[in-house]
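[1] Take this sequence and fold it.
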Amino acid sequence: MQPILYLFFAAALALTACGGQSGKQPATATDAMDTTKGTWPVMTFEKESHNFGDVTEGEVVEYSFKFTNTGSRDLLITKAEASCGCTVPEWPKEPLKPGQSGYMKVKFDSNGRPEGYTEKELYIQANTNPPVINGPKIQCVIVTKK
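    This is a model prediction of the structure:
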């Protein structure tokens, strides 16, 4: 009788361990952050910088940097900021699969900024290796209103 019980419990355990779910689940932010497989997403920008040229003090300008995930895992950007509060980046909030491209829009507000040349760099936190990367830069010459 005892061997039959062991056989019954083993069969029940095998059936419940399989979970009953089949097929591939959609990628989630948690999946993208899991880098235990030893592979990493890589964020590759088409341009390393953009020069707006002359910007009149008080003007707000924007530019969108195109980037591609050239790595082998989903890319998830968790934070992006600039070297100054006058520069505000916007980025895709959903994971980008390998080979997919996205845009990082950067708005620069020259209001109250001193006259002359200025350069602002983006710092991006993502599930890359290293987890914080230096992104592209924006440049311009701020001129006073006439």
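[2] Give me the most central residue, this structure.
    The centroid of the chain falls nearest to Ile77 when counting by C-alpha atoms, centre = their mean (2.2 Å).
[3] That one touches Trp91, doesn't it?
    Yes - with contacts counted by C-beta atoms under 8 Å, Ile77 reaches Trp91, the gap being 4.7 Å. To be clear about C-beta, it is placed using only N, CA and C from the backbone, and glycine gets the same treatment.
[4] Next, show the common contact partners of these two.
    Ile124 (C-beta atoms under 8 Å, 6 or more residues apart in numbering).
[5] Now name the helix or strand holding Lys47.
    Under the criterion DSSP states H and E, no helix or strand holds Lys47.
[6] Skip the chain neighbours and tell me the closest residue to Glu81.
    Tyr123 (5.6 Å; C-beta to C-beta, 6 or more residues apart in numbering).
[7] What is the subsequent helix or strand relative to the one helix or strand the one you found maps to?
    When elements are assigned from DSSP H and E, Tyr123 belongs to strand 116-126. Next along the chain after strand 116-126, taking DSSP H and E as the criterion, comes strand 132-143.
[8] Tell me where this structure has strands.
    In the chain, the strands defined using DSSP state E lie at 43-45, 49-56, 60-69, 77-82, 87-90, 101-109, 116-126, 132-143.
[9] tell me what the longest one is packed against?
    Counting contacts by 3 or more C-beta pairs under 8 Å, 6 or more residues apart in numbering; DSSP states H and E, the secondary-structure elements packed against strand 132-143 are strand 43-45, strand 49-56, strand 60-69, strand 101-109, strand 116-126.
[10] Make a markdown table out of those and add mean neighbour count and distance to Thr87.
    Rendered in a markdown table, the data for the helices and strands packed on strand 132-143 read as follows (neighbours: other C-beta atoms under 10 Å; distance: least, C-beta to C-beta, whole Å):
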| stretch | mean neighbour count | distance to Thr87 |
| --- | --- | --- |
| strand 43-45 | 16 | 16 |
| strand 49-56 | 14 | 11 |
| strand 60-69 | 17 | 10 |
| strand 101-109 | 17 | 5 |
| strand 116-126 | 17 | 4 |
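[11] Much appreciated, bye for now.
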